[in-house]
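Chemist: sharing a model that was predicted from the sequence below.
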Amino acid sequence: MTVLNEIGYLFVRGLKQSMRPTAAMIPSLFMPAFFFIINSAAFSALTHLPGFASKSYLVFYAPVAILMAIFFSSGDAGIDLVVDITSGYFDKLMIAPIHHLSIVIGKLLAVGLRAAVQTSIVILIILILGGTIVTGLPGFLVILLIGGLFGMAWSAIGMSIALNTKNQRATQSSFILFFPFTFITTSQLPLSLLHGWYRAAVQINPVTYILEAIRALTSTGWEWDIIGRGFIVAIITGMITISFVMFSFKRSYP
Amino acid sequence: MPQSIIEVSELVKTYGEVTAVDSISFGVEEGDFFGFLGPNGAGKTTTMRILATLLKKTSGSVLVNGFDVERRPNDVRRAIGFAMQDISLDNLASGYENLQLLGVLYGLSPKQSKARAVELVEMVGLSKVADRWVNGYSGGMRRRLDLAGTLMHRPKILFLDEPTQGLDPQARRTIWDYLRGLNSAGTTIFLTTHYMDEADSLCRNLAFIDNGKIVRQGTPSDLKSGMGGDLITLQFAADVDIDQVELSISRIAGENSAIVAKDHQITLTISNAQALIPRLIQDLNAIQAAPISFNISEPSLEDVFVKLVGHSILDDETQLVKGHDPFVEGRR
């Protein structure tokens, strides 16, 4: 059996694990839709601020809902892994005569696909509620790609905590990272309207660049520098977090 | 001469200051049904996890199916199946899905894996539920499916860590029947358990382990005959002076006997048990310490263990329940 076969089998298993039961996916779709509907209505007057380029707050906020879909869909990866570890199922995979890294890679790819699937559902909801994707179908596909990449990068944080702590509560607590990484960004206002330490924090938050890339694709058009920067940040973030998963894996299971 | 399929030599495993496995050596012949017995925290699971390539040893040598567990782990893994103490299944997958994934990971083609899964669920009596998610299975069904999973690739050696723990008597007997059948078909079985009746019923060879050391090895009958006779168990009322009774019994029984007193019960191991009873009762009556009840029996493996290490396997369990031994997790 080749490594690709191993990864393929474990990818399918990871995908089934992350999508079962179907009802468990509802919160990760509900939350982005909820925030989208509430915030786009509550803050609609912000578009009257001098310097606020977008005419519709709903259009401005739509990328945040997409980002949330990515966060929520990939955030479960650590929980899935720690459940496998604490139940002993991970040991069962570890004594199979396979390359051990296939276990982690298969899981990461499954997370990436799930993030892309959930992102596409949230985009559909956004479109139904009056949002736009100005770059059309190609832009939609690029959003799924960046969503899948960033989903893998984000899931690696939870997976690292799972491997290092082997504890469900500790792994679950990684959820709190969602708040600073999502809200200390240009999620509420464009960068030109932010000031002081908050603006500096927004600029060093890698998620800002993912968000801006998605925002370009949904509302402003093919701004290659912004989209390219988003991809580069997603890839670099992924390289760092996935390297940390691999390191944690090697350390926990020498 | 039968060949050893498992060879362990001076195996040591330490966790910081704690020595979980303390220089143990033993061999298991091909086709054997080998029992590795001891209380919780004795080092059974640690040893088994080293044999199954899940844990690195500190020192010593371990060969499984002729391969060094650390130099050739994948060769070892192809030869073994391992049913862990905690039943480990993918709860959100069906019985078939669980088995088929294991099959392909062990090198079967998807078609072969599917056929083998069908064969095994039939063998363990789960055909009717094999399409359902495992989270709805009972404990006994889960254990049978777990066992079936270890057999997908037809392993030469089967490691079973407390395979019947938590199961009801009927489910335990069902598992025993499967295991006997597998062993008859040529599979070498390495079983850890703290159920002495299970070991007595299934195993041809045994090793007792306590505090990380092997205290005795042999066949069940050899170990029991080494006790030196039958057991007389005497139960006394709470107001009886048990020390005085023990002293009196030891005088009657003489040097070639063993006495274990626990609470208000005394167990005497002696070769001429039947003949001794009338005098024993008479003398105890004379000191106003007549037993409430008495029983003569052949020694069990539990009795052998008590004689060897001075405490019962179940004593350790009771202590653990009362006071969470912090070293146990490290040792296992």
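Modeler: In hand now; what should we look at?

Chemist: which residues does the residue nearest to B:A273 when sequence neighbours are not counted contact?
Modeler: On the basis of Cβ to Cβ, 6 or more residues apart in numbering or on different chains, the spatially nearest residue to B:A273 that is not a chain neighbour turns out to be B:D230, at 4.0 Å. C-beta coordinates here come from the backbone N, C-alpha and C atoms, glycine included. B:D230 makes contact with B:269-271, B:273-274, B:296-299, according to Cβ atoms under 8 Å, 6 or more residues apart in numbering or on different chains.

Chemist: partner residues bridging B:D230?
Modeler: For B:D230, the residues forming beta bridges with it (DSSP bridges) are B:I270.

Chemist: all helices for the stretch 1-150 of chain B, in order.
Modeler: When assigned using DSSP state H, counting those that start in this stretch, the helices of the stretch 1-150 of chain B occupy the ranges B:44-51, B:73-79, B:95-105, B:110-123, B:139-150.

Chemist: again, but for the stretch 101-250 of chain A
Modeler: A:101-128, A:136-165, A:168-172, A:178-183, A:196-204, A:206-215, A:224-252.

Chemist: of the ones you listed, which is nearest B:L158?
Modeler: B:L158 lies closest, by Cβ to Cβ, to one member of the helices of the stretch 101-250 of chain A: helix A:101-128, at 23.1 Å.

Chemist: so what secondary structure elements neighbour that closest one?
Modeler: For helix A:101-128, the elements it packs on are helix A:3-19, helix A:26-42, helix A:57-87, helix A:89-94, helix A:136-165, helix A:224-252, judged by 3 or more Cβ pairs under 8 Å, 6 or more residues apart in numbering or on different chains; DSSP states H and E.

Chemist: check the offset of that helix from the chain's centre.
Modeler: Relative to the mean C-alpha coordinate of its chain, helix A:101-128 is positioned 8 Å out (Cα atoms, centre = their mean, to the nearest Å).

Chemist: residue contacts, the residue in chain B that chain A sits nearest to?
Modeler: Ranking the residues of chain B by distance to chain A (Cβ to the nearest Cβ) places B:S88 first, at 3.4 Å. Shown in contact with B:S88 (Cβ under 8 Å, 6+ apart): A:87-89, A:91-92, B:146.

Chemist: chain neighbours aside, what residue packs nearest to A:G151?
Modeler: Here the nearest residue to A:G151 in space, its sequence neighbours aside, is A:A115; by Cβ to Cβ, 6+ apart that works out to 2.7 Å.

Chemist: that neighbour is in contact with A:F72, isn't it?
Modeler: No: checked against Cβ atoms under 8 Å, the pair A:A115 and A:F72 is beyond contact range at 9.1 Å.

Chemist: these two: which is more packed in?
Modeler: Neighbour tally, A:A115 and A:F72, criterion other Cβ atoms under 10 Å in any protein chain shown: the higher count belongs to A:A115, 31 against 23.

Chemist: please name the residues that touch the residue of the stretch 51-200 of chain A found nearest chain B.
Modeler: Distances from the stretch 51-200 of chain A to chain B, computed as Cβ to the nearest Cβ, single out A:G88 as the nearest residue at 3.4 Å. Shown in contact with A:G88 (Cβ under 8 Å, 6+ apart): B:84-88.

Chemist: report the buried members of those.
Modeler: B:84-85, B:87-88 (16 or more other Cβ atoms under 10 Å in any protein chain shown).

Chemist: element containing B:I189?
Modeler: With elements delineated by DSSP states H and E, B:I189 resides in strand B:188-193, which encompasses its position.

Chemist: so which bits of the helix or strand just after that strand are buried?
Modeler: Secondary structure here is assigned by DSSP H and E; on that basis, the next helix or strand after strand B:188-193 toward the C-terminus is helix B:196-202. Burial within helix B:196-202, assessed by neighbour count using 16+ other Cβ under 10 Å, is assigned to B:196, B:198-200, B:202.

Chemist: pull the residues that contact helix B:196-202.
Modeler: Surrounding helix B:196-202, the residues in contact under the criterion Cβ under 8 Å, 6+ apart are B:33, B:35, B:37, B:164, B:172, B:176, B:179-180, B:183, B:189, B:191, B:193, B:206, B:220, B:300-302, B:305, B:313.

Chemist: among these, name the ones in strands.
Modeler: In strands, judged by DSSP state E, the following of the contacts of helix B:196-202 are found: B:33, B:35, B:37, B:189, B:191, B:193, B:206.

Chemist: can you redo those residues as JSON lines with neighbour count, distance to chain A and pLDDT?
Modeler: Output for the ones in strands among the contacts of helix B:196-202, formatted as JSON lines (neighbours: other Cβ atoms under 10 Å in any protein chain shown; distance: Cβ to the nearest Cβ, whole Å; pLDDT from 0 to 100):
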{"residue": "B:F33", "neighbour count": "22", "distance to chain A": "21", "pLDDT": "96"}
{"residue": "B:G35", "neighbour count": "25", "distance to chain A": "21", "pLDDT": "94"}
{"residue": "B:L37", "neighbour count": "29", "distance to chain A": "22", "pLDDT": "91"}
{"residue": "B:I189", "neighbour count": "23", "distance to chain A": "17", "pLDDT": "96"}
{"residue": "B:L191", "neighbour count": "27", "distance to chain A": "17", "pLDDT": "94"}
{"residue": "B:T193", "neighbour count": "22", "distance to chain A": "18", "pLDDT": "86"}
{"residue": "B:L206", "neighbour count": "24", "distance to chain A": "25", "pLDDT": "93"}
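
Chemist: what two of those residues have the greatest distance between them?
Modeler: Using Cβ to Cβ, these span at most 13.8 Å, a distance reached by B:L37 and B:I189.

Chemist: what about the residue lying closest to A:N167 once chain neighbours are set aside, how many neighbours?
Modeler: In space, and not counting its chain neighbours, A:N167 is closest to A:V82: 6.9 Å by Cβ to Cβ, 6+ apart. Here the neighbour count serves as a burial measure; for A:V82 (other Cβ under 10 Å) it reads 24.

Chemist: and the stretch 101-250 of chain B, which residues reach chain A?
Modeler: Neighbours of chain A within the stretch 101-250 of chain B, by Cβ under 8 Å from any Cβ of the partner chain: B:101-102, B:104-107, B:133, B:149.

Chemist: no further queries at this time; thank you.
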